[in-house]
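*Asks:* How does the following fold in three dimensions:
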Amino acid sequence: MLDLNRNTALAIAGICGTAFIGYCVYFDKKRRNDPEFKKKLRERRSKYAKQVGPSGTTFPDLRDVEAVQKFFLAEVQRGEELLALGNYEDGVEHLTNAVAVCGQPQQLLQVLKQTLPPPVFAMLLEKLPSINQRLATSPTIAQKKPDDVTTATITDVDDLE
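*Replies:* Take a look at the predicted model:
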């Protein structure tokens with residue numbers, strides 16, 4: 001009697017599994033044949049690409065202090081990890097992002113000048129002019145009203161060289 005129940009349970013499980021897979025295949029085909037599917041997919045991908053931005057980094061809303069602090073710490077940590085692994089280009093990219101959202105970029109740059117090797121710090125200085133452009137194209141800045149836009153600038157970079 002135990003074998004009969006076990007065989008019956010296996011047969012029911014097999015039938016249910018086959019029905020579920022058939023259900024998935026049918027509705028996936030129906031979804032893909034929908035004329036609006038590709039249009040919606042393109043819209044979703046372009047929306048995501050705008051959120052991420054050209055450098056692949058999504059900046060936080062600069063009005064949210066907690067989000068900016070988390071972003072800053074994460075970027076500094078990731079930059080240090082990449083530099084330790086020898087990936088200087090990506091490490092400098094993350095440190096540049098941290099400088100972009102830092103409340104006191106001159107002090108951060110002074111610390112980085114003392115801690116980074118001179119060639120790596122030179123790479124960082126080369127990337128600094130692109131910070132304002134990346135922040136300006138950030139979705140969190142672009143979504144603000146024109147009278148509410150705050151532009152972050154880093155001045156006196158020449159003093160660090």
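
*Asks:* Distance check, K70 against R6.
*Replies:* With the distance defined as CB to CB, to the nearest Å, K70 ends up 53 Å from R6. The way it works is simple: take the backbone N, C-alpha and C, and place the C-beta from them, glycine included.

*Asks:* so who does D34 touch?
*Replies:* Residues in contact with D34, defined by CB atoms under 8 Å, 6 or more residues apart in numbering, are absent; none qualify.

*Asks:* So what does it look like in phi/psi?
*Replies:* Torsion angles at D34 (phi, psi; degrees, to the nearest 10) stand at phi -70, psi 130.

*Asks:* domain assignment for the protein?
*Replies:* For the chain, the structural domains run 2-50, 61-160, going by automatic domain parsing.

*Asks:* mind putting the ones you listed in TSV, mean pLDDT included?
*Replies:* As requested, those are exported to TSV (pLDDT from 0 to 100):
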stretch	mean pLDDT
domain 2-50	85
domain 61-160	78
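
*Asks:* Deepest in the core, which of the ones you listed is it.
*Replies:* Among the domains of the chain, the stretch with the highest mean neighbour count (mean count of other CB atoms under 10 Å) is domain 61-160, at a mean of 15.

*Asks:* Any idea how far that one is from the middle of the chain?
*Replies:* A distance of 15 Å separates the C-alpha centroid of domain 61-160 from that of its chain, computed with CA atoms, centre = their mean, to the nearest Å.

*Asks:* again, but for stretch 28-38
*Replies:* For stretch 28-38, the distance to the chain centre is 29 Å (CA atoms, centre = their mean).

*Asks:* what's the span of that stretch, first residue to last?
*Replies:* By CA to CA, to the nearest Å, the extent of stretch 28-38 from end to end equals 13 Å.

*Asks:* With stretch 79-91 instead?
*Replies:* Looking at stretch 79-91, the gap from its leading to its trailing residue is 4 Å under the measure CA to CA.

*Asks:* next helix or strand past the helix ranked longest in the chain?
*Replies:* Longest among the helix segments of the chain by residue count, using DSSP state H, is helix 2-32. Read in the C-terminal direction, the helix or strand following helix 2-32 is helix 35-52, with elements assigned using DSSP states H and E.

*Asks:* Give me the angle between that next one and helix 2-32.
*Replies:* 80 degrees (axes from the mean of the first three to the mean of the last three CA atoms, to 10 degrees).

*Asks:* looking just at contacts, which helices and strands does the one helix or strand Q106 maps to meet?
*Replies:* When secondary structure is defined using DSSP H and E, the element that contains Q106 is helix 105-115. Applying 3 or more CB pairs under 8 Å, 6 or more residues apart in numbering; DSSP states H and E, we find helix 105-115 packed against helix 88-101, helix 118-127.
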